[in-house]
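1. only geometry, no sequence info:
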């Protein structure tokens, strides 16, 4: 395989896994450089610094106090050349449906072997989406269709609310106006027929959306 001009980022809050996976990626000698990050601020600053370069972001789904889905929006907003590959131990049909609603370029199970990484990069390089066989089987056996009633942007906003951010803070983090945040919150509550932000967050947690 031809060496890419892209930079690889491994983002995972489990440092041992992140370092090990980064070392594995480096062995492929396909990327200009490989970086291990575990803080959202580090990721944001890195992407802003390298806006003109293609970036492959290997992102875990299960992160401390949140899932990784809102970071997909952040990465795509900051770098138009980013390729998103989720690397996770996810086995929940609902979580898989939620991940796929974000249209990542790849979804690799942490139980996969080295060959899965090679196959994923090959397919992604051809412009195809890669999904690990184990995850694809779970998804095909599930009766869930469109399990998440919320858009990717709404899930991002929900994640900020779940972290205790105010409307003003959420607006600042998402580059939206406070009026837009309020409108999104009202629409989300209407979608699931609840009357409070507490009930909305409770629903989202039960559905593994956040």
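-> Perfect, I can see it now. Source: prediction; values computed, not measured.
2. quick check: longest strand of this protein.
-> Using DSSP state E to define each element, the chain has its longest strand at strand 82-88.
3. Next SSE downstream of it?
-> Using DSSP states H and E, the helix or strand that follows strand 82-88 in sequence is helix 93-100.
4. following that following helix, which helix or strand comes up?
-> Next along the chain after helix 93-100, taking DSSP H and E as the criterion, comes strand 106-109.
5. just for this structure, where's the confidence low?
-> 1-3, 142-147 (pLDDT under 70).
6. Which parts of this structure belong to which domain?
-> The record's domain parsing of the chain by automatic domain parsing lists 7-140, 152-206.
7. what about the first one, start to end distance?
-> Here the two ends of domain 7-140 are set 33 Å apart, with distance taken as CA to CA, to the nearest Å.
8. Give the burial count for residue 113, as a bare number.
-> The local packing of residue 113 (other CB atoms under 10 Å) involves 9 other residues. (Glycine included, C-beta is placed from N, CA and C.)
9. phi, psi of it?
-> Dihedral pair for residue 113: phi -100, psi -180, per degrees, to the nearest 10.
10. What are the boundaries of the helices in this protein?
-> For the chain, the helices defined by DSSP state H cover 15-28, 40-49, 69-78, 93-100, 114-125, 133-140, 152-162, 167-174, 178-191, 197-206.
11. nearest to residue 106, of these?
-> Smallest distance to residue 106 across the helices of the chain (CB to CB): 4.5 Å, for helix 114-125.
12. Figure out how far that closest one is from the centre of its chain.
-> Centroid displacement of helix 114-125 relative to its chain, using CA atoms, centre = their mean, to the nearest Å, is 18 Å.
13. Just the angle for it relative to strand 82-88, thanks.
-> 150 degrees (axes from the mean of the first three to the mean of the last three CA atoms, to 10 degrees).
14. tell me the angle of helix 114-125 relative to helix 133-140?
-> 70 degrees.
15. What residues of helix 114-125 count as buried?
-> Buried residues in helix 114-125, defined by neighbour count with 16 or more other CB atoms under 10 Å: 116-117, 119-121, 124.
16. same thing with stretch 64-80?
-> For stretch 64-80, by 16+ other CB under 10 Å, it's 66-76, 78-79.
17. ok, back up a step: want to throw the buried residues of helix 114-125 into CSV with distance to residue 193?
-> Below are the buried residues of helix 114-125 laid out as CSV (distance: CB to CB, whole Å):
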residue, distance to residue 193
116, 41
117, 43
119, 43
120, 39
121, 43
124, 39
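18. Nothing else from me, thank you.
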